[in-house]
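**Student:** I would like the atomic coordinates for the input below:
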Amino acid sequence: MTFRYILVRQDDKVEEKKVLPHYLKESNQRWYLLAYDEGVLKTFGVDRIRDLRICASETFKRNMDINVDELFRDCFGIWNQPDIPVEDVELKYDALDGKFLKSVPLHHSQQVLTDNADEFRIKVHLRITNDFVMELLSRSRSLEVISPPHLRERVRKVYEEALKRNE
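**Tutor:** Numbering: from 1, shown residues only. Prediction:
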């Protein structure tokens, strides 16, 4: 198939794509196309695809060996970046946020370390991608990043920049 694809992070630049479609995947109420683009399996937001055309005269054999669940096992959401290492992340919240994180865990690897009236502490094992950091910030009211230190610093910088913008 071919389509025009809007690159939101590049000031809405539009690229022409010719891909071999393989799967559709949902994440955070959005749909994504997993397709081979020049031999590399990539993810495309369906909401950013325009002028989709099926190339009926061209065919390919779908790779049935791709285990989509395994492909995204160490990821949060839809970002699969193998160049980012898988790490243990320890997070601390207050008991109220803990109630929400018990009912809807951050990640399938979530392990509860502490659950009492004073704190809710968890550990997850995943790649620290931008979408994971954004998810952490969505519950930042009581969030404290215990480890790793580079994530703690990354979150601190986001807060610092937000304070500057909102002074």
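
**Student:** Please enumerate the strands of the chain.
**Tutor:** If DSSP state E is used as the criterion, the strands of the chain fall at 2-7, 13-18, 20-27, 30-37, 40-45, 49-53, 86-93, 111-115, 120-127, 144-147.

**Student:** Parallel or antiparallel, which strands does the last one pair with?
**Tutor:** To tie it back to what came earlier, the one meant is strand 144-147. Each strand paired with strand 144-147, and its direction, by DSSP bridges: strand 86-93 (antiparallel).

**Student:** So which bits of the strand it pairs with are buried?
**Tutor:** Buried residues in strand 86-93, defined by neighbour count with 16 or more other C-beta atoms under 10 Å: Val89, Glu90, Leu91, Lys92, Tyr93. All C-beta atoms are positioned from the backbone trio N, CA, C, and that covers glycine.

**Student:** swap in stretch 64-84?
**Tutor:** Within stretch 64-84, the residues that count as buried by 16+ other C-beta under 10 Å are Leu71, Phe72, Asp74, Cys75, Phe76, Gly77, Ile78, Asn80, Ile84.

**Student:** re earlier: let me have the strands of the chain in a markdown table, adding mean pLDDT and distance to Thr59 as columns.
**Tutor:** Below are these laid out as a markdown table (pLDDT from 0 to 100; distance: least, C-beta to C-beta, whole Å):
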| stretch | mean pLDDT | distance to Thr59 |
| --- | --- | --- |
| strand 2-7 | 96 | 14 |
| strand 13-18 | 96 | 14 |
| strand 20-27 | 92 | 10 |
| strand 30-37 | 94 | 14 |
| strand 40-45 | 92 | 19 |
| strand 49-53 | 97 | 15 |
| strand 86-93 | 98 | 36 |
| strand 111-115 | 97 | 46 |
| strand 120-127 | 97 | 34 |
| strand 144-147 | 97 | 49 |
